[in-house]
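1. Model the structure of this input:
(one chain, ligands or ions: 1)
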Amino acid sequence: MAEGSYVRANGRFLPTSLYDRSIAITMREGAWRPRLVREVLSGDPRDVLDLGCGTGTLAIAMARAPGRAQITGIDGDEEILDLARKKEGSHGIEFVRGLADALPFHDGSFDRVVCSLLLHHLEPAVKRAALAEARRVLRRGGRLHVADFGRSQDPVMRILFAGLQVLDGFANTADHPAGRLPAMIATAGFQSVGRTLALRTAWGSFELLNADR
Ligand SMILES: C[S@@+](CC[C@H](N)C(=O)[O-])C[C@H]1O[C@@H](n2cnc3c(N)ncnc32)[C@H](O)[C@@H]1O
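-> Below is the predicted model of the structure:
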């Protein structure tokens, strides 16, 4: 990815140390994180990759859930990985530094890849490359899960998303309110792209998508 285009967890202006609090206040986590955990772990997968894992909230929730899943979290920001590694419940999770468009894993290493609030940080070419990488590291029969901003449901949602664009950037976020994410996932070679949840949040319309490798 281009030098300087990396968008950290809390956007271009706010410190990473405030990320968990910002998300708790604005993103209605209780309405989607537990559901995302259930969806990702459905079918009792063995190897799960949390791509753009940030502070590890989702990885830890998946590690605590019943089942045999071995969780790997990857993120490009060493500072946020330090926060994740220090969190209660992170023991047993492998946290790795790496970029979404150049994953340091062999083909077919995972049964599930989940990207939660990652894709709107990536410019279109990097988003496409990251989706291709997600598909490459998935096993046959594997599944991609995406939690991110989607087509704006109404003008209020679009205006709120404009606030997020000021914080996180415009080029990387433009595909989301335009509703282009499902088509981008399909273009990366995934099948049966579906939406399981659409939510209104303080930053605009948010959705859970999934697709088969
Ligand atoms: C908004 S945070 C989401 C964190 C977490 N998945 C969650 O649900 O709370 C986005 C994360 O993506 C990471 N990130 C951004 N660009 C990346 C890239 N190109 N490769 C890997 N991680 C990236 C950031 O460092 C940040 O931790």
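2. what does this protein put close to the ligand?
-> In this structure, the chain approaches the ligand at residues 1, 6-9, 23, 52-54, 57-58, 75-77, 80, 99-100, 116-118, 121-122, 126, judged by Cβ under 6 Å from any ligand atom. C-beta: built from backbone N, CA, C; applies to glycine.
3. Buried ones among the residues you listed?
-> Applying 16 or more other Cβ atoms under 10 Å to those, the neighbour count classes 1, 7-9, 23, 52-54, 57-58, 75-77, 80, 99-100, 116-118, 121-122, 126 as buried.
4. Filter those down to the ones in strands?
-> 75, 116 (DSSP state E).
5. Run through the residues that contact the residue in the chain positioned nearest to the ligand.
-> Per Cβ to the nearest ligand atom, residue 54 is where the chain lies closest to the ligand, at 2.5 Å. Going by Cβ atoms under 8 Å, 6 or more residues apart in numbering, residue 54 touches 9, 19, 75, 80, 84, 116-117.
6. between these, which is closest to residue 148?
-> When those are compared for distance to residue 148 (Cβ to Cβ), residue 117 wins out at 6.0 Å.
7. my guess is that closest one contacts residue 51, does it?
-> No. With contacts defined as Cβ atoms under 8 Å, residue 117 does not count as touching residue 51, sitting 10.8 Å away.
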